[in-house]
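J.: fold the following and give me the result.
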Amino acid sequence: LQLNNAKNYTNPQVMLAAYEMWGEERVKQRFSGDWLIVDMTAERCIVLQCHQGYSSCYYQQQEQSVLFASRLPVMLAAADAPLVPNLERIAHFMLAWHQGANNLKSHHTMYSEIFRVPCGHQFNFDKQGVSLSRYYWPQQEVHSPVPLNRTDAVATIDKLLNQAVKSRILNCGRIASMLS
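T.: Numbering: from 1, shown residues only. Here you go, the predicted structure:
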């Protein structure tokens, strides 16, 4: 990706340039995080949900449109009719049944009309309607042996954390992070 003075570009600008240059498949391989891409030429909207699950993306299909938001209260406020509770999902929640990413209903919420884009999935909205597909599968990584002493362990963790941060930051500007 050729950008002059990369420090002056925001992450969305870098994503858009990458999408225009490389196309959808390569962007999915190279970028981490949650992204919305509106492709006016192809008349479609793409939402890529981060495989790490740091945030959520909810959607609701209406007659000729789709509403989506990163927070469920926004979806509830935008509802144009009373929402129907999803009793099966509520029962699963109350009984603490696991709803992991491999579960076929992991995209269901407590409301029948509102769905969540699962981690590592892609949401598409185009002339054919709405579709949801998985685009990310964890890779098997070979890790170096566990360090035998505290000094080596600290150095290894420091190196891995620096690599993780560098791989996820697309611009060279200031960053902030919320730790919980």
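J.: CA atoms for contacts and neighbours, from now on please.
T.: Fine.
J.: can you give me the helices for this structure?
T.: Counting by DSSP state H, the chain has helices at residues 11-22, 24-30, 72-78, 87-94, 150-168.
J.: okay, and the beta partners of Gly129?
T.: Asp126 (DSSP bridges).
J.: what sits closest to the residue nearest to the spatial centre of the chain if chain neighbours are left out?
T.: Residue closest to the average C-alpha location in the chain (CA atoms, centre = their mean): Gln49, at 1.9 Å. Using CA to CA, 6 or more residues apart in numbering and skipping residues adjacent in sequence, the residue nearest Gln49 is Asp34, 4.8 Å away.
J.: follow-up on the earlier one: hang on, the residue nearest to the centre of the chain packs against Ser56?
T.: Yes: applying CA atoms under 8 Å, one finds Gln49 in contact with Ser56, separated by 7.5 Å.
J.: which residues do these two both contact?
T.: 117-118 (CA atoms under 8 Å, 6 or more residues apart in numbering).
J.: quick one: contacts for Gln60?
T.: 66-68, 75, 113-115.
J.: out of those residues, who's nearest Ala17?
T.: Minimum distance to Ala17 across those is 23.6 Å, recorded for Phe68 (CA to CA).
J.: pLDDT score for the closest one?
T.: If you check Phe68, the pLDDT there is 84.
J.: now swap in Ala78 and tell me
T.: Note on Ala78: pLDDT of 88.
J.: follow-up on the earlier one: emit the ChimeraX select command for whichever of the contacts of Gln60 are buried.
T.: The buried residues among those can be selected in ChimeraX (16 or more other CA atoms under 10 Å) with this line:
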select :68,75,113,114,115
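J.: from the contacts of Gln60, which single one is nearest Gly129?
T.: Taking these together and measuring to Gly129 by CA to CA, the closest member is Val66, at 9.1 Å.
J.: and the gap between that closest one and Tyr19?
T.: Note on Val66: its distance to Tyr19, by CA to CA, to the nearest Å, is 22 Å.
J.: and the end-to-end length of stretch 27-37?
T.: 11 Å.
J.: buried ones in that stretch?
T.: Residues 27-28, 31-35, 37 are the ones in stretch 27-37 that count as buried (16+ other CA under 10 Å).
J.: in TSV, list the residues you listed along with distance to Arg89.
T.: Shown next, in TSV, are the buried residues of stretch 27-37 (distance: CA to CA, whole Å):
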residue	distance to Arg89
Val27	33
Lys28	30
Phe31	32
Ser32	29
Gly33	27
Asp34	25
Trp35	27
Ile37	30
